[in-house]
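Peer 1: heads up, no residue letters with this:
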C-alpha cells in the first residue's frame, strides 16, 4: 500500500481499518511532507499490527525527486494529500495562499498521481483511492479557490478512471463532507453532517471493496450535494454559502 | 468561519453540561504551547468519568494521543500514549495471552484517565489498583517540561499524579505491565443472596477468589434489604475450558452491540420500571448457584455491550454515587444507606457492592481502602440533592469517602482528600467546587 499524505487522520484511520480487517501488506509506504511526524504512526502500526512500513519524504511544494519512488510498487494507493488554506474572507487576494491551495490540491498533485497510475497501468492491476471534496461540486463564495482546485482534481480522477478502465485499474473518488479532524477542529460543524476519521475510513473501505467509483462518506451528503448542484445559477449567485 | 474551540462538553453522566474551550493535539510542541498560553488547564481522556472531574476552563483532550509506542510481547510490558483506550490495549493484548492486571467496569477509559483516577476493579482485594502495575509515565508540568515519573525518578510527582485527577499536569504516555492469561474466558460462579447478612458473609467467604463483585437491588425493603447476586471469577485455564471454546481460546467472536439511538424521555425510568428490571435480573437465575464459563467482556464489561447506554437516563442526565466505608461497621452503615435509598424511591438499576482490600500506603490519593463500597446511578431531578445530602451524612458518620471520578455534588468533607495537587495551572471544575464549598 502506498499512502500520500500520511499525516492525515483519514489516511491513518484507513490504514488501521485495512489492517484491523486482517489485510496484510509486505510494506506500507508512507509518503509524507513531515516525515518526522509520521514516525509515531509507523511505530504504532508496527506495535499494534506487526506491520512493516517505510517513510519517504514527499513535499509537493518542492522539486520532486522521482528516483526515490522507483522501487516502490503496490496495487493499492491512498491519497489524502490536500491543503485547505485560508478562505475567501481572509485571503482571496493573497497569492501565496491561492497558489499553495492550487498546487497541493491539484497542480503539483496530478503529476505524482500520474506517475503511480503509470506504474499500475504497466502491471494492469490496482486501485487508487483519492480524497477530493464536496467543495469541488460547485464554487461557493466562502472557499472557491479550494473548491475549484478540488473540482479540477475530481474531473482529473473521472478522466483517469475512464482511461484506465480497460487496463483493469480502478479509481475511487472520495468526497468527504465535514470531517472531525485537526483541520476542522474548533469550527462549529453540525454533528449530524460530520464524520470521524474512523467512520470515514470504514465507509471508504466498504466503497473500495464494492469497487464504487465515487463515494460520499456520509450518505446525507449525496442528497445535500444533489440539491446544491441543482439550484439555478440566478438564485445560487445570491446565496451566502 | 474562525475556530473558537468553545463547545458543549459533558462527561458520561450528561451532568453537568458546560460550554468551554476544548482542544486536542498530538505534537508535544503544540501541547506545550497550549499549557503555556492558558491558565486553568485540565486534561480529559475519553470522558468516561461521570461528573465534573475532567471539565475545566480550558480542556486538553488526549483523544489524538492515541498511538502505541512499544509492546514487549515476551514480558507483557506495554507502552502507549495516554489517549489510548483500555479497549485498544485489550485488542492487541488478549490474542497474545495478556490481560489488564486491573480494569474498571468499562473498557472505554483512556490509559491517562486510568492513572489519574487510579481505577480499581473486581480484584481490588487481591491485586490492588491500576497504579500497582504502572512502571512509569511522562507528565507535562505547568512549565511545559516533560517529567519522566516512576517509583525511582520524580517519585513525588509519580505518587501525587496517581489518583490525582489530572491536577498535577498532563499525562502524555505510560508504560505498564500486563498479566498472563491462558484463555479469554472467566470461570464464573454466581450466587444469589437473599439479604445483607448473606451477601456480607459470601464476600468474606470468597476472599480467595481473584474477582468478586455483587449486584444489589437497592429498592428492596425490610427483611429483603440487600437482596443481591454475588459474582466471583477466575481466569479460566486451557485445561478447564469446555470443548466448544477450546478451538480459539484467546479470540472472541465479534458480537453485535446495539446502540441507544436517542435520549429516552424522562418518564421511562421510574421506580416501577426499575423494580421490574431488578426483579427480572434477580429471577432469571432460578437456582441458588450457577457455574459457567463466560467471555471476559461479559464478565468485566456487561454494560459496554450497549453503546451510549447513558442516554436511557434522559437529557437531564444522571449521577453515579460511589461511596465507601471502612470494613468495621461496614454492614451497619450499608444497611442505613440502602434503607435511605429505598425510602426515597429514587433507586437506580442494580447497584454494585464490593469489598476492597488493603490500600497501597504510597498511593495516598487513591480512593479505595479496606472496606465496603457501593456504587449506584441516580437520575438527575429536583429531589436528588436532598437525597445526596442524606447519604453524605451517613458516609460522613462512618468515616467514609466519595470516589472523585464519579462525584459531581458531594460535600467537601468527603471529597477534599487529595494531597500535593494544587497548582494554579491545572484546575478542574470539580476541584474548584470542592475547594470553594469547603
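Peer 2: Received the coordinates, thanks. Because the structure is a prediction, the values reported are computed rather than measured.
Peer 1: who does residue B:136 bridge with?
Peer 2: Counting by DSSP bridges, residue B:136 forms beta bridges with residue B:150, residue B:175.
Peer 1: Do you know the pLDDT at it?
Peer 2: What the model reports for residue B:136 is a pLDDT of 98.
Peer 1: Could you pull up the residues touching it?
Peer 2: Listed by CB atoms under 8 Å, 6 or more residues apart in numbering or on different chains, the contact set of residue B:136 reads B:148, B:149, B:150, B:153, B:158, B:174, B:175. For the C-beta atoms, the positions are set from N, CA and C on the backbone; glycine is no exception.
Peer 1: switch to 10 Å and redo it
Peer 2: The contact partners of residue B:136, taken as CB atoms under 10 Å, 6 or more residues apart in numbering or on different chains, are B:79, B:148-154, B:158, B:173-176.
Peer 1: How about residue B:41?
Peer 2: Residues near residue B:41 by CB under 10 Å, 6+ apart: B:21, B:23, B:31, B:34-35, B:56-60, B:140, B:142, B:166, B:169-170, B:423, B:425-428.
Peer 1: Confirm that residue A:170 lies within a strand, as I assumed.
Peer 2: Yes: assessed with DSSP: H, G, I helix; E, B strand; the rest coil, residue A:170 lies in a strand.
Peer 1: one step back: taking the contacts of residue B:41 one by one, which sit in helices?
Peer 2: B:31, B:34, B:35 (DSSP state H).
Peer 1: how close does residue B:182 get to residue B:235?
Peer 2: Residue B:182 sits 7 Å away from residue B:235, going by CB to CB, to the nearest Å.
Peer 1: So between those two, which is more surrounded?
Peer 2: residue B:235 (19 against 15; other CB atoms under 10 Å in any protein chain shown).
Peer 1: Just grab the bridge partners of the more buried one for me.
Peer 2: With DSSP bridges as the criterion, residue B:235 is bridged to residue B:186.
Peer 1: Give the buried residues for whichever strand or helix holds residue B:125.
Peer 2: In the assignment (DSSP states H and E), residue B:125 maps to helix B:124-127. Neighbour counts over helix B:124-127 (16 or more other CB atoms under 10 Å in any protein chain shown) mark B:124, B:125, B:127 as buried.
Peer 1: Out of these, which comes closest to residue B:223?
Peer 2: Nearest to residue B:223 among these, counting by CB to CB, is residue B:125 at 27.9 Å.
Peer 1: what helices or strands is the lowest-mean-pLDDT helix or strand in chain A leaning on?
Peer 2: The weakest-scoring helix or strand in chain A, judged by mean pLDDT, DSSP states H and E, is helix A:88-91 (a mean of 89). Judged by 3 or more CB pairs under 10 Å, 6 or more residues apart in numbering or on different chains; DSSP states H and E, helix A:88-91 is in contact with helix A:95-102, helix A:144-164.
Peer 1: Geometric centre of chain B: which residue is closest?
Peer 2: Residue closest to the average C-alpha location in chain B (CA atoms, centre = their mean): residue B:104, at 4.8 Å.
Peer 1: Contacts only, for it.
Peer 2: Per CB under 10 Å, 6+ apart, neighbours of residue B:104: B:48, B:86, B:113-114, B:117, B:119-122, B:130, B:300-301, B:405.
Peer 1: What distance do you get for it to chain A?
Peer 2: 22 Å (CB to the nearest CB, to the nearest Å).
Peer 1: separation between that residue and residue B:122?
Peer 2: Using CB to CB, residue B:104 is found at 9 Å from residue B:122.
Peer 1: ok so, going back, you'd agree the residue nearest to the centre of chain B is in a helix?
Peer 2: No: looking at residue B:104 with three-state DSSP, it is coil, so not inside a helix.
Peer 1: So for it, what's the pLDDT?
Peer 2: Residue-level pLDDT assigned to residue B:104 equals 98.
Peer 1: and chain B, which of the helices and strands packed on helix A:88-91 is closest to it?
Peer 2: helix A:144-164 (13.0 Å; CB to the nearest CB).
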